[in-house]
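In: no letters, just coordinates:
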């Protein structure tokens, strides 16, 4: 009797196995196109388990299309049929590619018989989420915007746009952890480097997270990418000052200069450090040394020009506030001699800045002002002609 029951069970199981119908993936695509996503999902869930279909790349391609539709549908009936359908869709597309035996890309045909390839469909999916993110951002729904922008990174993980937008909207929403997560991914994983991204990371780490050491670490990485950037050099010095590491900074810079005595950038950075802590004369000496290493080094030229010029301007303000007594007039005369000396010190550097970076209005206006102060009126008129030729302001 027991043997008969076992035999009957075996026949039943075998009958079920052989009676199982082969899922029709074309029918699933028709159901998906018609908007019947529940039916399409059921067919494809069976198809990826079916012995004769599970190793066919086309099966996984169709499954990807179905789950992508589940993620983008507006029909509430189908919106909760799967957990994280977009992730399932992208994993299905990836497996379809792995199983693709030939060079031809998967595709569907539109109503006119033209092929729509998988890559085109994925690009359309990416654009859908990007546009939805922008729409949400424009109405200040930052949470939804972030979610949509993050989906673009799932669809095209090597594209930088989604990470940039995600970081921006997260920062607008004061979600600084996610802002940093996306920015770090850009520079560390995608090898995407812009000064704006670095400055944002530095700001968030140093100001919002109050992690000056982390900010300093990022500054050093940014300076390696943009060694001639003045603002980054100042940021590094400020971070060191904030950490009360001036002696360390000076020691490191002087050691680096000893190893690379002809490196103008190192000497420039030393000048910035001295300027930030108020040691103007040492700053000038460092800038001059930088220029000796490279007469064309714009940053040192500019800083040296500005430093001497600003000293003269401060004295001019002080002189203009003096009274009309004989003592005041005597002091004004003495001050004018020092003012002229500072202006004459600054002038050749401003002229070199103009040579290295011609037609900059601010530079020309500064040179003109110095000429007037030094009573070099013919030269001042020549600068006025240049300014008029620039137009604008």
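Out: Looks like it came in fine. Nothing here was measured: the structure is a model prediction, and the numbers come from that model. Residues are numbered from 1 along each chain as shown.
In: shouldn't residue 108 be within a strand?
Out: Yes. Remark: residue 108 belongs to a strand, assigned using DSSP: H, G, I helix; E, B strand; the rest coil.
In: which non-adjacent residue is nearest residue 367?
Out: Distances taken as Cβ to Cβ, 6 or more residues apart in numbering place residue 350 nearest to residue 367, at 5.0 Å, with adjacent residues excluded. Yep, even glycine has a C-beta here, placed from its N, CA and C like the rest.
In: model confidence for that neighbour, exactly?
Out: In this model, residue 350 is scored at 95, pLDDT.
In: please apply the same query to residue 160.
Out: pLDDT, residue 160: 97.
In: which residue packs closest to it, ignoring adjacent ones?
Out: Computed as Cβ to Cβ, 6+ apart, the closest residue to residue 160 that is not its neighbour in sequence is residue 192, at 5.0 Å.
In: neighbours of the nearest residue to residue 297 once chain neighbours are set aside, how many?
Out: In space, residue 297 comes closest to residue 264 once its chain neighbours are excluded; the distance is 4.2 Å by Cβ to Cβ, 6+ apart. For residue 264, the count of nearby residues is 22 (other Cβ atoms under 10 Å).
In: same thing with the one 5 residues further on?
Out: Each residue near residue 269 was counted by other Cβ under 10 Å, and the total is 28.
In: how near is it to residue 21?
Out: 74 Å (Cβ to Cβ, to the nearest Å).
In: residue 263 now?
Out: From residue 263 to residue 21 the distance is 76 Å (Cβ to Cβ).
In: check residue 272 too.
Out: Counting by Cβ to Cβ, the gap from residue 272 to residue 21 is 76 Å.
In: could you do residue 246 as well?
Out: For residue 246, the distance to residue 21 - Cβ to Cβ - is 79 Å.
In: which one of the two has more residues nearby?
Out: residue 246 (15 against 7).
In: wait, the more buried one touches residue 240, no?
Out: Yes. Look at residue 246 against residue 240 with Cβ atoms under 8 Å: they come within range, at 6.5 Å.
In: what is in contact with the two at once?
Out: residue 273 (Cβ atoms under 8 Å, 6 or more residues apart in numbering).
In: show me where this protein has its strands.
Out: Assigned by DSSP state E, the strands in the chain fall at 107-109, 115-117.
In: turn these into TSV, including mean pLDDT, mean neighbour count and distance to residue 198.
Out: Below are the strands of the chain laid out as TSV (pLDDT from 0 to 100; neighbours: other Cβ atoms under 10 Å; distance: least, Cβ to Cβ, whole Å):
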stretch	mean pLDDT	mean neighbour count	distance to residue 198
strand 107-109	89	14	42
strand 115-117	92	12	37
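In: surely residue 78 meets residue 40?
Out: No. Counting by Cβ under 8 Å, residue 78 stays clear of residue 40, with 9.3 Å between them.
In: who has more neighbours, the two?
Out: Just comparing residue 78 and residue 40: by other Cβ under 10 Å the higher neighbour count belongs to residue 40, 28 against 19.
In: what distance do you get for the more buried one to residue 219?
Out: Residue 40 is 52 Å from residue 219, by Cβ to Cβ.
In: residues contacting residue 119?
Out: Contacts for residue 119 (Cβ under 8 Å, 6+ apart) come out as residue 105.
In: my read: residue 223 touches residue 239, true?
Out: No. Residue 223 lies out of contact with residue 239 (Cβ under 8 Å); the separation is 11.1 Å.
In: between the two, who's got more neighbours?
Out: Legend: neighbour count by other Cβ under 10 Å for residue 223 and residue 239, higher for residue 239 (23 against 18).
In: coming back round to it: my guess is the residue nearest to residue 160 meets residue 186, correct?
Out: Yes. Counting by Cβ under 8 Å, residue 192 does reach residue 186; the two are 4.4 Å apart.
In: shared neighbours of the two, anything?
Out: Joint contacts of residue 192 and residue 186 (Cβ under 8 Å, 6+ apart) are 160, 163.
In: those two - which one has more neighbours?
Out: Per other Cβ under 10 Å, whichever of residue 192 and residue 186 has more neighbours is residue 186, with 19 against 14.
In: any idea of the pLDDT on that one?
Out: 98.
In: and if you look at residue 204?
Out: The model's pLDDT for residue 204 equals 96.
In: for residue 269, see how far away it is.
Out: From residue 204 to residue 269 the distance is 24 Å (Cβ to Cβ).
In: please report the distance of residue 37 from residue 181.
Out: 32 Å.
In: count of residues packed around the residue nearest to residue 222 when sequence neighbours are not counted?
Out: The shortest distance from residue 222 to any non-neighbouring residue, by Cβ to Cβ, 6+ apart, is to residue 198 (3.8 Å). Residue 198 has 22 neighbours, counted by other Cβ under 10 Å.
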